[in-house]
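J.: okay, predicted coordinates and the sequence, questions at the end:
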2 protein chains.
Amino acid sequence: MVSRRKTSDVIIEGSIALFNQSGVSEVTTNHIAQHLDISPGNLYYYFANKEAIVRAIFAQIQSQVETLWNEKDKPALFLLADYVNVVFNIIFGYRFFFAELTLILRRDDKLRADYIRLQSRFKVELAELFLQLKTAGILRGLEEPSQRMAMANSVWIVTIYWHSYLESAPDKNQPSRELLNHIIFLLKPYIEALYLDVVQGIFTSFLEARGQ
Amino acid sequence: MVSRRKTSDVIIEGSIALFNQSGVSEVTTNHIAQHLDISPGNLYYYFANKEAIVRAIFAQIQSQVETLWNEKDKPALFLLADYVNVVFNIIFGYRFFFAELTLILRRDDKLRADYIRLQSRFKVELAELFLQLKTAGILRGLEEPSQRMAMANSVWIVTIYWHSYLESAPDKNQPSRELLNHIIFLLKPYIEALYLDVVQGIFTSFLEARGQ
């Protein structure tokens, strides 16, 4: 099973699955090796410890986020669709990372510094996306850069802490739909009436593509 | 030092201070006993373990929150001022609880159940406050109960995860002012223009009373 793909990729993928299932605190490198049917020694050849695996997973997240910043000359609505796709795929695909964010960052100063850098950049770029949507006539209001940053902050906080929140909100049975509705609710006062259906459609088609 | 007040209260107070300072995961019952200059045996007489102390602290939080629901016939603006006061005093006074919420709830199923109950009630009551503010002509829009619940959810998530967020947002040097500005930003599209200054004043006077 391990032969065709790069072993390090297989380890990362298996670790993501186990972390998402049981929580990163509960999973050891031995669990991961056992799950993948490889020897612990083989695993250590690629990753010195669990921390190294988590860092490699974060590097995946980072490179997916960075794809958003390479095609900024797209029309604003397409850019919005890219953000919805990339961000929600990350939030649900790597949910352990966000559910245990505080702990993970406390344990690894290097990762924490990298995370802070990515977060700062992301919020600036998101505020910039709001400006592009505004220039395209899709958003209104949010005149001041500080308002666009505040909106970026709100969307960011609700999104990254969504999994933590779900752990104490047992009534949520459609987590991705609920989060998307929530983000639309935050944006709604600033969406031009004419574009409301279009923007909602962008969020809905993401859910439909996931069969939800 | 321990003689005048009830020993259990002194233990709770000292624990809150230590937890806020070092994080609940880092503090042991021995640290607490040492900090208060009492014997571990004396501490165990009142609290079997750290979990029991955390539960007693949560009971304090709960009873402070519940004061909000005993005086609901006040004018809506006074009620809003009460919410601002009580909620932000709790968020900043017991910050360890919210900074480590996910972990604390994972470790104690009983506490988790109590927390979920309090959270559900709080969000319903907050949505009810929005309705009262609407009836009083202070808020507009938010016609549907689902919209008021969505707003209650947004305010709730941003508020309780604020400390977690601060850990990875080192640029925030006025945490309580930033959080209050953030909540005002969320509410703003729904505040009647006439009342904007009054509502902002309610938030600001909370900060001034704290000397910030």
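T.: Arrived safely.
J.: what does the pLDDT read for the residue in chain A positioned nearest to chain B?
T.: Taking CB to the nearest CB, chain B has its nearest neighbour within chain A at residue A:189, 3.3 Å off. All C-beta atoms are positioned from the backbone trio N, CA, C, and that covers glycine. pLDDT for residue A:189: 95.
J.: kindly provide the distance from it to residue A:143.
T.: Going from residue A:189 to residue A:143 by CB to CB, to the nearest Å gives 13 Å.
J.: higher neighbour count, those two?
T.: Shown here are residue A:189 and residue A:143; by other CB atoms under 10 Å in any protein chain shown, residue A:189 has more neighbours (16 against 9).
J.: who in chain A is up against chain B?
T.: Residues of chain A lying near chain B by CB under 8 Å from any CB of the partner chain: A:23, A:99-103, A:105-106, A:112, A:115-116, A:119-120, A:141, A:147, A:150-151, A:153-154, A:157-158, A:160-162, A:164-165, A:167-171, A:181-182, A:185-186, A:189-190.
J.: among those, name the ones in strands.
T.: Using DSSP state E, the subset of the residues of chain A next to chain B located in strands is empty.
J.: just the buried ones from the residues you listed?
T.: With neighbours counted by 16 or more other CB atoms under 10 Å in any protein chain shown, the residues of chain A next to chain B contain buried members at A:23, A:99-103, A:105-106, A:112, A:115-116, A:119, A:147, A:150-151, A:153-154, A:157-158, A:160-162, A:164-165, A:167-169, A:181-182, A:185-186, A:189-190.
J.: state the pLDDT value of the residue nearest to residue A:140 when sequence neighbours are not counted.
T.: Excluding its sequence neighbours, the residue lying closest to residue A:140 (CB to CB, 6 or more residues apart in numbering or on different chains) is residue A:192, at 5.4 Å. pLDDT, residue A:192: 96.
J.: next: residue A:157.
T.: Reported pLDDT for residue A:157: 93.
J.: could you chop chain A up by domain?
T.: A:7-46, A:50-209 (automatic domain parsing).
J.: which one's the longest helix in chain A?
T.: Selection of the longest helix in chain A by residue count, based on DSSP state H, yields helix A:109-135.
J.: give me the below-cutoff pLDDT ranges for chain A.
T.: A:1-4, A:171-172, A:212 (pLDDT under 70).
J.: that one: helices as residue ranges?
T.: Going by DSSP H, chain A shows helices at A:7-22, A:29-36, A:40-46, A:50-66, A:76-93, A:95-99, A:101-107, A:109-135, A:145-160, A:162-167, A:175-187, A:196-209.
J.: the fourth one vs helix A:109-135, what angle?
T.: This means helix A:50-66. 20 degrees (axes from the mean of the first three to the mean of the last three CA atoms, to 10 degrees).
J.: and helix A:50-66, what's buried?
T.: A:50, A:53-54, A:56-58, A:60-62, A:64-65.
J.: cool, stretch A:18-33 as well?
T.: A:18-20, A:23-24, A:27, A:29, A:31-33.
J.: quick check: the gap between residue A:14 and residue A:57.
T.: 11 Å.
J.: how many residues are close by residue A:38?
T.: Neighbours of residue A:38 (other CB under 10 Å): 19.
J.: now do the phi/psi pair for it.
T.: phi -120, psi 170 (degrees, to the nearest 10).
J.: right, so of the helices of chain A, which gets closest to residue B:131?
T.: helix A:175-187 (16.7 Å; CB to CB).
J.: what residues does the closest one touch?
T.: A:84, A:88, A:91-92, A:139, A:151, A:154-155, A:158-159, A:162-163, A:166, A:172, A:199-200, A:203-204, A:206-207, A:210, A:212, B:147, B:150-151, B:153-154, B:186 (CB atoms under 8 Å, 6 or more residues apart in numbering or on different chains).
J.: which ones are touching residue A:98?
T.: Residue A:98 touches A:91, A:160-164, counting by CB under 8 Å, 6+ apart.
J.: same question but for residue A:39, I mixed them up
T.: Counting by CB under 8 Å, 6+ apart, the residues that residue A:39 touches are residue A:33.
J.: try it again with 10 Å
T.: With contact taken as CB atoms under 10 Å, 6 or more residues apart in numbering or on different chains, residue A:39 is in contact with A:33, A:45.
J.: and it, how far from residue A:16?
T.: Distance from residue A:39 to residue A:16, by CB to CB: 20 Å.
J.: what of residue A:184?
T.: For residue A:184, the distance to residue A:16 - CB to CB - is 28 Å.
J.: tell me which of the two has more neighbours.
T.: More crowded of residue A:184 and residue A:16, by other CB under 10 Å: residue A:16, with 20 against 17.
J.: now residue A:158. Nearest residue, chain neighbours left out?
T.: Residue A:158 sits nearest to residue B:157 (CB to CB, 6+ apart), 5.3 Å away.
J.: spit out the contact partners of residue A:102.
T.: A:161, A:164, B:23, B:99-103, B:161, B:163-165, B:167-168 are the contacts of residue A:102 under CB under 10 Å, 6+ apart.
J.: for residue A:67, same thing?
T.: A:82, A:86.
J.: give me the distance between it and residue A:92.
T.: For residue A:67, the distance to residue A:92 - CB to CB - is 17 Å.
J.: ok, residue A:130 next?
T.: 23 Å.
J.: more neighbours: which of the two?
T.: Taking neighbours as other CB under 10 Å, residue A:130 and residue A:92 compare with residue A:130 leading, 24 against 17.
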